[in-house]
Every structure is written in C-alpha cells, then in structure tokens.
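[1] output the structure for:
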Amino acid sequence: MSLVRIGLRIAAVEALKGQTRVLDNVLDSQIAALDIGADGAVRTDEEKPFIAVYTSGAVHEGSNDLRMMLDNGLTEIEFEMGISAAMTETNDNTGESFIVEGMPATDPAYEFHLDMVAREIADTLNDPANEWAEIYRGLVMSYVKIEHARTSSGHIGVKLAGRQIRVTAQLIEDPAKGTVLPPEAPLARLIAKLAVHANPVRQVQGAILASAISGSDEPWDAVRRHLGMTADELAALGLSPLVGDDGEPAPEGTLATLDIEGRAGIEVENG
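    Down below sits the predicted model:
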C-alpha cells in the first residue's frame, strides 16, 4: 500500500472533522458505511449523519522508469455521505422529525443536507488555514476528474439518502525507503502531527509511517531502490561505485580511467 495514499486519507479525515454539519463523525475507510445489499437496498450501520473517506483504485501506466513501483499514478479518492430517517431528531411538542430545527425531515431536506455537506467538503479541503488540509493538498499534484453520484433507499421502512464524491487525482510519488524527508515535505509534516496527536492510534500510525521510510542507503543503492534498477543497468549509466580488482567498491576519491569506444579514456573520481 502506498504511504502517500495512507497519508492522504488520514489528512482528509482530520481536516474534515468538526468542519461540516456532520461534526466529528468523519470515518476513515469505514467498511459498508453505505452498503447495497443483495436485494438492492441501501443500508448503513451508522447512527448519525456521516462522511466516510476511502482511497480506492489507482493506475500508473505509460512510464519509462523501468521497474519503479513508488509512483502513485492516478488514484481515486472517495467521500461518501449519508443520512437516514433514524438519524433525525424529534420535536417533543409536535412529534415532527427534523434534520435541523426548522427543516422537517423530508426528501428535499435530505438532498439539501447532502448538497451542503458536499460543498463543505470542498471548502474545507481548500481552506488555507486548515493545517491538515494543507498537508492533503501537498500530497495531490492535480485533480483529473471529479464525479458526483447519489443513492437512496426506502426499503424496510427506513429512508436513507447517500451521496458520493469520487475524485481521480494525480498524487506525488512515494519516498523510497531510506529517503531523508525535509521537514517541510507534506509526508514529513503529516508524521510530525501524528506523533503529537491526541488519539494514540494516530500516534502509532505515524510511527509506522516513519519506520517505513527510515533507513540508510548509499547514493547508488538509493537510485536502484527508487527506480528498481539492476546492478548492471546502474553501472551502464555510470552511477554505480567504482570497483577495484578485488571486486570490492573502491574507496571514495579513487581515480580511474573509463575507456569508451571511439573516445579517449576519461578520468573519473569515485564518490
């Protein structure tokens, strides 16, 4: 799984909490937050209006980067929203159900609620003052496509309305293991915020993300790890270390002469 995709989803969830009319009920990859059963009925296990964030399919193609597996390519980010009759409140005096005071729980009111949540998602993810949203934006290079879909169900006597925003985005590539991230890098900022998060689960996630990147490679090995090159391919590009007669890498600073067909020998320095 891509570290950037994990970070993107976490940043989106944290950015949206408390910023829309679903308040803190923003779910991270909640399985079947909106589920369609075999009978075609749309169901949810949630008890309050919600947003659920997922990262789904991703496609990377048309690259000339050999065996590179760290390019995230085009990734689908999904925001699902839902509200049902069971999530409404009741006026004690009239017995009338409502979504918010003054707005009865009618079909148009459900649609209005979902439309407003969709707008609040867009506003929040582009909020310059939201630090989590800034990290989210830093992990996304561009949006390629944005799709909106709705669903609803009146099965088993419970009205349920749902909406989905599916964003196809070009993400930044994952850092190779052993990469030293600058503090201002989006993924580094994410890990730093997770380390001091009030939720201990988020702290553990941050530590795992950091450990997946940590390590130390020689410069030539870092290139091989990043692009998936063989040792021979690296040597053919002149990026591997010079090797002595004993087959071991020559010490840094060692001078050698490369004999290239049709050209005079070229002197190079190791390191």
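[2] what does the helix or strand hosting residue 111 contact?
    In this assignment (DSSP states H and E), residue 111 forms part of helix 107-125. Helix 107-125 has contacts (C-beta atoms under 8 Å, 6 or more residues apart in numbering) with 12, 15-16, 19-22, 49, 51, 79, 81, 83, 98-99, 103, 130, 133, 136-137, 148, 150, 152, 159, 161-163, 165. (Each C-beta comes from the backbone N, C-alpha and C, glycine too.)
[3] same thing but at 7 Å, please
    Residues from elsewhere that reach helix 107-125 (C-beta atoms under 7 Å, 6 or more residues apart in numbering): 12, 15-16, 19-22, 49, 51, 79, 81, 83, 99, 103, 130, 133, 136, 161, 163, 165.
[4] buried subset of the residues you listed, written for ChimeraX?
    Selecting just the buried residues from these in ChimeraX takes one command, with 16 or more other C-beta atoms under 10 Å as the test:
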select :12,15,16,19,20,21,22,49,51,79,81,83,99,130,133,136,161,163,165
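[5] I'd guessed residue 24 sits against residue 14; true?
    No - shown here, residue 24 and residue 14 do not form a contact pair, counting by C-beta atoms under 7 Å, at 10.5 Å.
[6] quick one: which of these two has more around it?
    The residue with the greater number of neighbours, taking residue 24 and residue 14 and applying other C-beta atoms under 10 Å, is residue 14; the counts read 25 against 10.
[7] and the angle for the helix or strand harbouring the more buried one with helix 107-125?
    Secondary-structure element containing residue 14, defined by DSSP H and E: helix 3-16. Between helix 3-16 and helix 107-125, the angle comes out at 120 degrees (axes from the mean of the first three to the mean of the last three C-alpha atoms, to 10 degrees).
[8] okay, and the closest residue to residue 182 other than its chain neighbours sits in which element?
    By the measure of C-beta to C-beta, 6 or more residues apart in numbering, the closest residue to residue 182 outside its immediate chain neighbours is residue 188, 6.5 Å from it. Residue 188 belongs to helix 186-195 when elements are defined using DSSP H and E.
[9] quick one: buried residues of that helix?
    With burial defined by 16+ other C-beta under 10 Å, the residues of helix 186-195 counted as buried are 186, 187, 188, 189, 190, 191, 193, 194.
[10] can you list these in TSV and add pLDDT and distance to residue 4?
    Below are the buried residues of helix 186-195 laid out as TSV (pLDDT from 0 to 100; distance: C-beta to C-beta, whole Å):
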residue	pLDDT	distance to residue 4
186	96	8
187	96	7
188	97	12
189	97	13
190	98	10
191	97	12
193	98	15
194	98	14
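[11] now distance to residue 109 too, for those residues, in TSV please.
    Output for the buried residues of helix 186-195, formatted as TSV (distance: C-beta to C-beta, whole Å):
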residue	distance to residue 109
186	38
187	41
188	44
189	39
190	37
191	41
193	36
194	37
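[12] out of those residues, the closest to residue 210 would be?
    residue 191 (5.1 Å; C-beta to C-beta).
[13] test my guess that the closest one contacts residue 209.
    Yes - taking contact to mean C-beta under 7 Å, the distance of 5.4 Å between residue 191 and residue 209 places them in contact.
[14] which element, helix or strand, includes residue 134?
    In the assignment (DSSP H and E), residue 134 maps to helix 131-139.
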